[in-house]
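Asks: here you go, sequence then predicted model.
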Amino acid sequence: MALPPDNQLQQALSRGDVEGAFFLFGDAPQQRDAAARRIVDHALDPSTRDFNLDRFRADDVDPETLAAALHTPPMLGDRRVVLLVEAQELGTAAAKVVDTVLNALPRQLTFVITAGPASGKAEKTMKGFAKRCRSYEWRVPREDALPGWLLEQARGRHGYELSERAAQAVADAIGPELGLLESELEKLSHAAEGGRVSLEAVHRLVPNVRQVNRWEWLDQVAARRYEGALASLPALLSDSRESAVGLLAAMIDQHICLGIAIEGGAGLLGKALSEAGKPYLKWKARIYAQQARAWDAEGLERALQLMRDADWHSKSGIGDRAALEELLLSLRLEVGQAA
């Protein structure tokens, strides 16, 4: 599996590898822009930074000024940095300047380009830039991948270990707001004991943490603890963000993962998640493999059929709670409660 972009970039920067052009893109601007600042910090001597850094916004840059900056040699130092942000907004003339310089980048220049999502002609231009630069993409993770993203960010950027249950609680409380999640990770760094942040610290410091969150509830179902899942269902559905359709989709995905784990254990499941483009779920392969021990192939196939039936019923108008309660009762009856 490819390393997350922050890890890839950090490996290069740790080697002092700041040569050439960097293209940082994607729909997660805070992480993308923080990476650009790290490159700048590594490339420039602080004592000569003011002489050797030019920053431009693509939507108001003058092509001639940009061209001049890209060809100006460093002053009182070994390296010059030009930072161009939001490159998807470049006009035709400025885009041509960038295109030309990427074909023959001056020595002693580090050229850092950031770009958000683009469409039409701009999308084609950005793809051209990406091919000629060292490119790193930051994406807003899907909601089901948020705990894994938090684990990675806590370890890689903040230097502490977040427990798995703590990561799930933070993801559930904050949702897919990366700026807010980053703020909470920074706050939690001050509560690390022995380099680790516990679930108790999250309950103490993070607002809106629920006693029952969707990930723990889904794990109850996957572990065939149906009575517990039934008891906690009202509290789970009291949050307007939750619905039968969303929970059923997540349940089906998780039980498919259990099926892969039955066939080949955590190793095969981790590989499958990587190939499916879900690197932030790979951390849970071990947990899924443990849950899979409570299943056999026949029971899992019947559970998936019951879930698909419940999904159809929920979309046809039955209430969220009724649809899920009926499913859990059917699962307990036909598949059986775990010992």
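Replies: Received it, and whenever you're ready, just let me know what you need.
Asks: can you pull the contacts of the residue sitting furthest away from the middle of the chain?
Replies: Using Cα atoms, centre = their mean, the residue of the chain lying farthest from its centre is residue 76. It sits 40.0 Å away. Counting by Cβ atoms under 8 Å, 6 or more residues apart in numbering, residue 76 touches 48, 51-52. For glycine as for every other residue, the C-beta is placed from the backbone atoms N, C-alpha and C.
Asks: going by neighbour count, which of those comes out on top?
Replies: residue 52 (24 neighbours; other Cβ atoms under 10 Å).
Asks: isn't it up against residue 81?
Replies: Yes - using Cβ atoms under 8 Å, residue 52 makes contact with residue 81 at a distance of 6.4 Å.
Asks: common neighbours of the two, please.
Replies: Counting by Cβ under 8 Å, 6+ apart, the residues touching both residue 52 and residue 81 are residue 44.
Asks: circling back to that earlier point, mind checking which helix or strand the residue farthest from the centre of the chain is in?
Replies: Counting by DSSP states H and E, no helix or strand carries residue 76.
Asks: nearest to residue 308, of the contacts of residue 76?
Replies: residue 52 (60.7 Å; Cβ to Cβ).
Asks: now that closest one. Nearest residue, chain neighbours left out?
Replies: residue 80 (4.6 Å; Cβ to Cβ, 6 or more residues apart in numbering).
Asks: bridged to the one you found, which residues?
Replies: Residue 80 has these beta-bridge partners by DSSP bridges: residue 109.
Asks: quick one: neighbours of it, just the number.
Replies: Neighbours around residue 80, by other Cβ under 10 Å: 25.
Asks: how far away is it from residue 19?
Replies: Residue 80 sits 12 Å away from residue 19, taking Cβ to Cβ, to the nearest Å as the criterion.
Asks: for residue 44, same thing?
Replies: 13 Å.
Asks: cool, and residue 314?
Replies: Noted for residue 314: a distance of 55 Å to residue 19, by Cβ to Cβ.
Asks: residue 72 is in contact with residue 81, isn't it?
Replies: No - with contact defined as Cβ under 8 Å, residue 72 does not reach residue 81; the gap is 11.2 Å.
Asks: higher neighbour count, the two?
Replies: More crowded of residue 72 and residue 81, by other Cβ under 10 Å: residue 81, with 24 against 14.
Asks: backbone dihedrals for the residue nearest to residue 106 when sequence neighbours are not counted, please?
Replies: Nearest residue to residue 106, sequence neighbours excluded (Cβ to Cβ, 6+ apart): residue 71, at 6.0 Å. Main-chain dihedrals, residue 71, degrees, to the nearest 10: phi -110, psi 10.
Asks: do the same with residue 25
Replies: According to degrees, to the nearest 10, residue 25 has phi -140, psi 170.
Asks: what about the nearest residue to it once chain neighbours are set aside, how many neighbours?
Replies: Nearest non-adjacent residue to residue 25, counting by Cβ to Cβ, 6+ apart: residue 115, 4.4 Å away. When neighbours are counted by other Cβ under 10 Å, residue 115 registers 26.
Asks: likewise residue 282?
Replies: Residue 282 is flanked by 18 other residues according to other Cβ under 10 Å.
Asks: which residues are in contact with each of residue 72 and residue 81?
Replies: residue 54.
Asks: residue 314 and residue 19: which has the busier surroundings?
Replies: residue 314 (22 against 15).
Asks: what about that one, distance to residue 246?
Replies: The spacing between residue 314 and residue 246, counted by Cβ to Cβ, is 10 Å.
Asks: what's the answer for residue 308, then?
Replies: 15 Å.
Asks: for residue 215, give me phi and psi.
Replies: Backbone torsions for residue 215, taken as degrees, to the nearest 10, come to phi -70, psi -40.
Asks: ok, for it, nearest residue in space, not its chain neighbours?
Replies: Nearest residue to residue 215, sequence neighbours excluded (Cβ to Cβ, 6+ apart): residue 168, at 4.0 Å.
Asks: the nearest residue to residue 241 once chain neighbours are set aside: how many residues sit nearby?
Replies: Computed as Cβ to Cβ, 6+ apart, the closest residue to residue 241 that is not its neighbour in sequence is residue 175, at 7.2 Å. Using other Cβ under 10 Å, residue 175 has 13 other residues around it.
Asks: kindly report the same for the one 5 residues further on.
Replies: By the measure other Cβ under 10 Å, the count of residues near residue 180 is 14.
Asks: residue 8 against residue 136, yeah?
Replies: Yes - with contact defined as Cβ under 8 Å, residue 8 reaches residue 136; the gap is 6.2 Å.
Asks: quick check: buried residues in the helix or strand where residue 187 lies?
Replies: Assigned by DSSP H and E, residue 187 belongs to helix 178-189. The neighbour-count check on helix 178-189 (16 or more other Cβ atoms under 10 Å) flags 178, 181-182, 184-185, 188 as buried.
Asks: quick one on the thing from earlier: count of neighbours near the residue nearest to residue 106?
Replies: When neighbours are counted by other Cβ under 10 Å, residue 71 comes out with 12.
Asks: distance of it from residue 62?
Replies: From residue 71 to residue 62 the distance is 14 Å (Cβ to Cβ).
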